[in-house]
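*Asks:* with the input below, show me the fold.
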Amino acid sequence: MPKLRKPAITLHRITPAVTGVIVPRTRKGSDPVRTAVTIPPFVDGAICAQVDPEIFFPEKGGSFRDAKRICAICPVQRECLEWAVENREPFGIWGGKSVSERQKIRAANSRSAAA
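*Replies:* Numbering: from 1, shown residues only. Okay, the predicted model is just below:
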């Protein structure tokens, strides 16, 4: 039996919310991998579900400015951010915050819980 190789994943991109899958981008020439996920309940009211998901997952060095503008007017921003912090979402803009901003929130939450 041949040994299966895991594709090198560089970035996740969410496909439209109705599909419920994440399609990781892999190295050039490798097949995409599909993973079933549970769509958070707040997505139905999210503005991001109505726009190109690439805005929230730009290439390395790309700008998050447009994503943050969309999040700023989204009616479910708070729920989205809470979900991303709680689930340690490792990619993209969620609830108007980047990965590093969410890590700082998680650290602050940990410090306040320990006090």
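
*Asks:* contacts, neighbours, all on C-alpha from now
*Replies:* Fine.

*Asks:* ends of stretch 67-78, what's the gap?
*Replies:* 15 Å (CA to CA, to the nearest Å).

*Asks:* cool, stretch 68-78 as well?
*Replies:* For stretch 68-78, the end-to-end distance is 13 Å (CA to CA).

*Asks:* what residues of that stretch count as buried?
*Replies:* Neighbour-count burial for stretch 68-78 flags Lys68, Ile70, Cys71, Cys74, Val76, Gln77, Arg78 (criterion: 16 or more other CA atoms under 10 Å).

*Asks:* could the residues you listed go into TSV alongside secondary structure, distance to Ala46 and pLDDT?
*Replies:* Listed next are those as TSV, based on DSSP: H, G, I helix; E, B strand; the rest coil; distance: CA to CA, whole Å; pLDDT from 0 to 100:
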residue	secondary structure	distance to Ala46	pLDDT
Lys68	helix	13	95
Ile70	helix	10	94
Cys71	helix	9	95
Cys74	coil	6	94
Val76	coil	6	95
Gln77	helix	8	96
Arg78	helix	11	95
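
*Asks:* quick one, longest helix in this protein?
*Replies:* helix 99-114 (DSSP state H).

*Asks:* residues in contact with that helix: which ones?
*Replies:* Ala84, Val85, Glu89, Pro90, Phe91, Gly92, Ile93 (CA atoms under 8 Å, 6 or more residues apart in numbering).

*Asks:* so the last one makes contact with Phe57?
*Replies:* This means Ile93. Yes - Ile93 is within contact range of Phe57, at 6.9 Å (criterion: CA atoms under 8 Å).

*Asks:* which one of the two has more residues nearby?
*Replies:* Ile93 (24 against 20; other CA atoms under 10 Å).

*Asks:* so what's the residue nearest to Ile93 when sequence neighbours are not counted up against?
*Replies:* Spatial nearest neighbour of Ile93, excluding adjacent residues (CA to CA, 6 or more residues apart in numbering): Phe56 at 5.2 Å. Under the criterion of CA under 8 Å, 6+ apart, the contact list for Phe56 reads Phe64, Ala67, Gly92, Ile93, Trp94.
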